[in-house]
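In: Build me a structure from this.
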Amino acid sequence: MKKHTALILIFIGGYVGLATQLLVLRQVANFVGSTAIITSIIIGVYLAAMTAGYFFGGRPPKNVECRIKNVELSGYIGNNIAKIVRRNFLIISGLVFLAASYSIVRSIFYLMIIAGIYSPIAQTFIFSALFLSFLPFLSGYTISLLAQTLHNSKRDYTGVIMGVDTIGSVLGSLITTLIIMAMFGVNYAVIITVLMSGIGVAIATSSEFRVKNSELMRSLRSFFIFIGIFVLTVGTNSTERLRQTYGIVSNTAAGTVAVIEDADGRHFVIDSATHSLIRPGGGHAEYIDFVNFFFINTIPPTVTKRILVLGAGGFTLGRHDDRNEYVFVDINRNLKDVSERYFLPEPLGDNKRFVVQDARQYLRVTKDKYDIILMDAFSRWTIPEQLVTIEFMTEMKSVLSDGGVMIMNVITHPMFADEFSRRIDNSIRTVFPRNLSRHIATPFNGWSETGSANVMYIYKNIPNGGRIYDANRNSTIYHKQREF
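Out: I've put the predicted structure just below:
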């Protein structure tokens with residue numbers, strides 16, 4: 001095997017390896033979210049398996065002796081390494097298909113739920129063990145094995161090997177996320193990554209020496225097996241199939257968006273969780289109807305309010321309001337287009353502006369003050385980790401106008417049955433200790449220790465001196481308001 005051939009294969013191995021990690025992180029986020037814990041599990045399992053592959057690949061293939069002639073290996077070792085590399089890239093292509101195709105990932109996670117495995121951490125560990133152990137092992141093994149073909153020359157190629165592998169990884173990361181996912185979709189990134197593995201199969205096959213009839217048949221068999229894998233990948237990940245089967249209308253690095261119709265109405269689904277709903281009668285999700293009814297529809301006709309929505313969803317807040325000024329903030333740049341085309345389906349009014357930005361970053365740079373702020377950002381059913389902190393809530397409070405209203409939608413246990421429901425309540429009350437009310441916008445069982453509801457925390461930004469009533473200073477008769 002020639003030097004440049006080995007380097008090209010090392011580059012392809014680096015590209016496919018990191019591209020696969022990113023694809024798995026994106027697809028798994030549809031079902032367990034994209035928290036730091038989930039990311040660390042996937043990366044940790046991948047790197048551990050790759051390290052094992054590097055270790056075992058550093059041992060020469062059995063019964064192989066190296067004979068140097070210029071920068072090529074003798075026929076036997078060249079053939080032997082090429083066969084192993086060809087086989088490995090072929091298996092890697094199949095594993096990329098299994099680990100990164102939305103429909104297969106979805107099936108695996110639903111099977112785990114059927115089996116009674118509900119913990120996102122346990123689900124991620126199981127999925128990673130099944131699909132992210134052998135693939136990176138083969139990747140590390142292949143790169144380490146290819147390195148032998150270079151080290152057997154009269155030069156030390158350690159730096160070159162590491163550099164080419166890293167360049168492949170960097171380009172695999174940037175091309176996959178910034179170009180393919182952004183411009184074409186995650187499904188096409190899966191197809192291209194499998195195709196890159198197939199190129200590795202082809203290059204390894206072309207580098208074999210002394211091709212006999214039996215070796216030719218094995219090469220042709222590998223070629224036809226890859227064609228089968230590639231056809232399955234294209235068929236499984238085609239845009240039309242994903243739309244017809246799962247209602248997916250957008251699948252970029254920022255999220256997978258689907259629009260699904262059922263008896264309850266039209267659902268706007270982001271990462272497998274309903275984020276907005278339009279009911280057959282024109283209503284919306286209960287908590288959105290709650291905000292619309294009490295805070296949007298009641299704005300006096302002579303007043304124009306500035307309204308900030310952190311987490312755009314399907315743009316149903318104030319859907320029929322063409323007077324007040326709205327700013328919707330979300331990191332998924334495709335939400336407005338797909339919502340207008342498939343979900344609403346109508347263009348947003350001129351009084352509604354969409355800003356593609358992280359919620360916390362937007363709060364840091366905006367110079368505007370808002371009369372109503374709805375915090376409705378979610379990753380699946382949970383608020384992103386960085387948005388549950390008192391630091392974020394303080395930033396949100398800083399852009400609230402005098403007399404303004406902050407509304408925070410939290411999906412949690414309404415009666416404080418778990419640690420999250422208690423801690424999020426403590427955190428919110430730390431920043432908003434007074435003028436804070438708590439409303440439960442969806443039905444719930446007050447005695448159940450499980451389940452969740454849309455809990456609405458509502459804060460009014462007006463002065464409050466913290467004065468109280470006690471037995472000696474009870475002036476309630478002067479403060480109560482009664483309407484007859």
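In: CA only for contacts and neighbour counts going forward, please
Out: Will do.
In: how about the strands in the stretch 151-300 of the chain?
Out: For the stretch 151-300 of the chain, the strands defined by DSSP state E, counting those that start in this stretch cover 248-252, 255-262, 265-270, 273-278.
In: Save these as a markdown table, and put in mean neighbour count and mean pLDDT too.
Out: Below are the strands of the stretch 151-300 of the chain laid out as a markdown table (neighbours: other Cα atoms under 10 Å; pLDDT from 0 to 100):
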| stretch | mean neighbour count | mean pLDDT |
| --- | --- | --- |
| strand 248-252 | 23 | 93 |
| strand 255-262 | 21 | 94 |
| strand 265-270 | 23 | 95 |
| strand 273-278 | 22 | 93 |
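In: and the end-to-end length of stretch 165-182?
Out: One end of stretch 165-182 to the other measures 24 Å (Cα to Cα, to the nearest Å).
In: Show residues contacting it.
Out: 10-19, 22, 186-189, 251-253 (Cα atoms under 8 Å, 6 or more residues apart in numbering).
In: what does stretch 10-25 give?
Out: 34, 39, 42-43, 46, 96, 99-100, 136, 139, 142-143, 146, 161, 164-173, 176-177, 186, 189-190, 193-194, 196-197, 200.
In: so how far is it from its chain's centroid?
Out: 17 Å (Cα atoms, centre = their mean, to the nearest Å).
In: what's the answer for stretch 374-382, then?
Out: Remark: stretch 374-382 is offset 14 Å from the chain centroid, using Cα atoms, centre = their mean.
In: go on, stretch 317-328?
Out: 28 Å.
In: Send me it as PDB with only the CA atoms.
Out: Output of stretch 317-328 as PDB, limited to C-alpha atoms (Å, rounded to 0.1, in the frame of the first residue of the first chain):
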ATOM      1  CA  LEU A 317     -48.900  33.200  21.100                       C
ATOM      2  CA  GLY A 318     -50.900  36.100  19.900                       C
ATOM      3  CA  ARG A 319     -51.600  34.300  16.700                       C
ATOM      4  CA  HIS A 320     -54.600  36.500  15.800                       C
ATOM      5  CA  ASP A 321     -53.100  39.700  17.300                       C
ATOM      6  CA  ASP A 322     -52.000  42.100  14.600                       C
ATOM      7  CA  ARG A 323     -51.600  45.200  16.800                       C
ATOM      8  CA  ASN A 324     -49.000  44.600  19.500                       C
ATOM      9  CA  GLU A 325     -45.300  44.100  18.800                       C
ATOM     10  CA  TYR A 326     -43.800  40.600  19.100                       C
ATOM     11  CA  VAL A 327     -40.200  39.400  19.100                       C
ATOM     12  CA  PHE A 328     -39.800  35.600  18.900                       C
END
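In: Show me which positions of that stretch end up buried.
Out: For stretch 317-328, the neighbour count (16 or more other Cα atoms under 10 Å) marks 317, 318, 324, 325, 326, 327, 328 as buried.
In: repeat for stretch 140-151
Out: Residues of stretch 140-151 classed as buried by neighbour count (16+ other Cα under 10 Å): 140, 141, 142, 143, 144, 145, 146, 147, 148, 149, 150.
In: With only the CA atoms kept, save that stretch in CSV.
Out: Extracted C-alpha coordinates of stretch 140-151, given in CSV (Å, rounded to 0.1, in the frame of the first residue of the first chain):
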residue,chain,number,x,y,z
GLY,A,140,-9.2,3.4,15.8
TYR,A,141,-8.1,-0.1,14.7
THR,A,142,-8.1,0.9,11.1
ILE,A,143,-6.2,4.1,11.6
SER,A,144,-3.6,2.4,13.8
LEU,A,145,-3.2,-0.4,11.2
LEU,A,146,-2.7,2.0,8.4
ALA,A,147,-0.1,3.8,10.5
GLN,A,148,2.0,0.7,10.3
THR,A,149,2.3,1.0,6.5
LEU,A,150,3.9,4.4,7.0
HIS,A,151,6.1,3.6,10.0
